[in-house]
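Undergrad: turn this into a model:
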Amino acid sequence: MGDWQTANKSGTATNRLRYREAGSGQQEGLIWSPVKAGPGRARGGQRLPEKTILRGDSQECGFCSGTGSRKGAMVCPVCKGKGEVHIKTGTAIVCGFCRGTGEDKVGSDVTCLACKGAGVIAVEEPIEPCPQCRGRGRELDNSNLYCSGCKGRGVVNVKHGAKKFFGRPSGTAGDIGRVVYDMKEAGKTQIARRLGLTSDYVAFVCESMIKKGYLEKVARGIYVLTPECETLFAKDEAVELEKVTSQQVLLLGLVEEGESTIADLSARSRIPVDQVQKITGAMAKKDFLDMLLNGRILLAGKGKKALEKHKVQ
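TA: Predicted structure coming up:
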């Protein structure tokens with residue numbers, strides 16, 4: 001990464017953060033390209049590029065363009081007629097989602113969901129472009145939503161790095177992540193069979209997971225978890241292994257010995273059938289067991305780890 005520089009200007013004009021590209025012959029340029037001129041985008045008497053860094057305790061209100069009134073009549077609901085908004089951190093960035101207009105859609109009377117109509121969003125330096133949306137402030141697969149990683153800013157705090165926007169995958173993405181974690185690496189067909197999904201849908205979700213930093217593609221149709229995501233699943237697994245009960249360990253041991261149906265497990269463990277069904281069903285959801293359509297029960301990778309942990313203890 002190159003050197004961050006600030007070009008200071010006197011008076012009420014804003015300071016701009018500039019980026020000097022490493023190895024570019026010390027040629028300086030703005031980080032992001034300028035936007036087209038439009039309502040609500042002029043600040044300090046000049047048109048500002050997207051994601052321009054602004055310094056100061058207050059900045060011009062984007063929703064009313066600093067006039068204090070909306071469309072020349074009603075008092076601006078964002079700045080309450082002041083024409084400016086308070087910046088608690090003293091540093092702000094032009095909203096990546098609305099590009100400084102403060103509007104949900106250009107020309108609408110609805111305020112932007114990301115900046116709440118201010119046109120700017122407070123940030124804490126140092127910052128860098130958000131890896132999840134690549135600095136756009138919008139979800140790559142749905143431009144109508146602001147980026148969940150940077151909340152529409154287009155940037156994240158460097159101190160936190162990926163942790164600022166990285167979270168556990170949920171829903172289908174979480175299920176796919178657990179399958180890949182259990183298998184170390186998995187193809188879309190293997191994942192589809194384990195989860196009862198189509199290969200095309202699995203491939204679609206996996207591509208989205210790659211963009212969000214959950215997966216990496218090591219070959220055509222073969223996926224592995226990124227180190228960050230694998231660490232998250234490992235922590236979750238460690239917590240789950242700690243919570244394994246003596247009854248669960250007993251049933252896991254019987255499955256390992258070859259007892260493959262709920263009736264068999266109930267007879268050997270002397271636990272009622274309905275309770276065995278409930279326990280094994282819960283363990284299957286957490287990938288300790290594999291429940292086959294023919295009624296057979298197999299020991300999954302996490303189940304083997306639970307037994308190994310119990311034997312060590």
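
Undergrad: right, and residue 291 touches residue 281 too?
TA: Yes: here residue 291 lies in contact with residue 281, judged by CB atoms under 8 Å, at a distance of 7.4 Å. All C-beta atoms are positioned from the backbone trio N, CA, C, and that covers glycine.

Undergrad: neighbour count: these two, which is higher?
TA: residue 291 (17 against 12; other CB atoms under 10 Å).

Undergrad: identify the residues contacting the more buried one.
TA: Residues near residue 291 by CB atoms under 8 Å, 6 or more residues apart in numbering: 280, 281, 284, 297.

Undergrad: who wins for most neighbours among those?
TA: residue 297 (24 neighbours).

Undergrad: low-confidence ranges in the stretch 101-250 of the chain?
TA: By pLDDT under 70, the low-scoring segments of the stretch 101-250 of the chain are 141-142, 159-167.

Undergrad: and the strands in it, which stretches?
TA: 120-122, 127-129, 138-139, 142-146, 155-157, 186-187, 215-219, 222-225 (DSSP state E, counting those that start in this stretch).

Undergrad: columns mean neighbour count on top of the ones you listed, output as JSON lines?
TA: Listed next are these as JSON lines, based on neighbours: other CB atoms under 10 Å:
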{"stretch": "strand 120-122", "mean neighbour count": "24"}
{"stretch": "strand 127-129", "mean neighbour count": "19"}
{"stretch": "strand 138-139", "mean neighbour count": "19"}
{"stretch": "strand 142-146", "mean neighbour count": "14"}
{"stretch": "strand 155-157", "mean neighbour count": "22"}
{"stretch": "strand 186-187", "mean neighbour count": "21"}
{"stretch": "strand 215-219", "mean neighbour count": "14"}
{"stretch": "strand 222-225", "mean neighbour count": "21"}
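
Undergrad: let me have the ones you listed in JSON lines, extended by distance to residue 270.
TA: Output for the strands of the stretch 101-250 of the chain, formatted as JSON lines (distance: least, CB to CB, whole Å):
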{"stretch": "strand 120-122", "distance to residue 270": "62"}
{"stretch": "strand 127-129", "distance to residue 270": "60"}
{"stretch": "strand 138-139", "distance to residue 270": "53"}
{"stretch": "strand 142-146", "distance to residue 270": "53"}
{"stretch": "strand 155-157", "distance to residue 270": "55"}
{"stretch": "strand 186-187", "distance to residue 270": "38"}
{"stretch": "strand 215-219", "distance to residue 270": "44"}
{"stretch": "strand 222-225", "distance to residue 270": "40"}
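
Undergrad: of all these, which one is nearest residue 86?
TA: Distance to residue 86, taken as CB to CB, is lowest for strand 120-122 among the strands of the stretch 101-250 of the chain, at 8.9 Å.

Undergrad: domain assignment for the chain?
TA: 1-165, 171-235, 244-312 (automatic domain parsing).

Undergrad: assign the nearest residue to residue 237 once chain neighbours are set aside to helix, strand or coil.
TA: The shortest distance from residue 237 to any non-neighbouring residue, by CB to CB, 6 or more residues apart in numbering, is to residue 302 (6.5 Å). Of the three states, residue 302 takes helix according to DSSP: H, G, I helix; E, B strand; the rest coil.

Undergrad: you'd agree residue 224 is up against residue 177?
TA: No: applying CB under 8 Å, one finds residue 224 not in contact with residue 177, separated by 10.8 Å.

Undergrad: for the stretch 101-250 of the chain, just list every one of the helices.
TA: For the stretch 101-250 of the chain, the helices defined by DSSP state H, counting those that start in this stretch cover 171-183, 188-195, 199-211, 227-242, 246-257.

Undergrad: can I get those in CSV with mean neighbour count?
TA: Conversion of these to CSV gives the following (neighbours: other CB under 10 Å):
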stretch, mean neighbour count
helix 171-183, 19
helix 188-195, 18
helix 199-211, 17
helix 227-242, 14
helix 246-257, 18
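
Undergrad: turn the ones you listed into a markdown table, columns for distance to residue 275.
TA: Shown next, in a markdown table, are these (distance: least, CB to CB, whole Å):
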| stretch | distance to residue 275 |
| --- | --- |
| helix 171-183 | 25 |
| helix 188-195 | 26 |
| helix 199-211 | 34 |
| helix 227-242 | 20 |
| helix 246-257 | 8 |
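
Undergrad: nearest to residue 91, of those?
TA: Nearest of the helices of the stretch 101-250 of the chain to residue 91, taken as CB to CB: helix 227-242 at 27.3 Å.

Undergrad: what's the angle from the closest one to strand 215-219?
TA: 110 degrees (axes from the mean of the first three to the mean of the last three CA atoms, to 10 degrees).

Undergrad: report the distance from helix 227-242 to the chain centre.
TA: Taking CA atoms, centre = their mean, to the nearest Å, one finds the center of helix 227-242 at 17 Å from the center of the full chain.

Undergrad: fine by me, we can end here.
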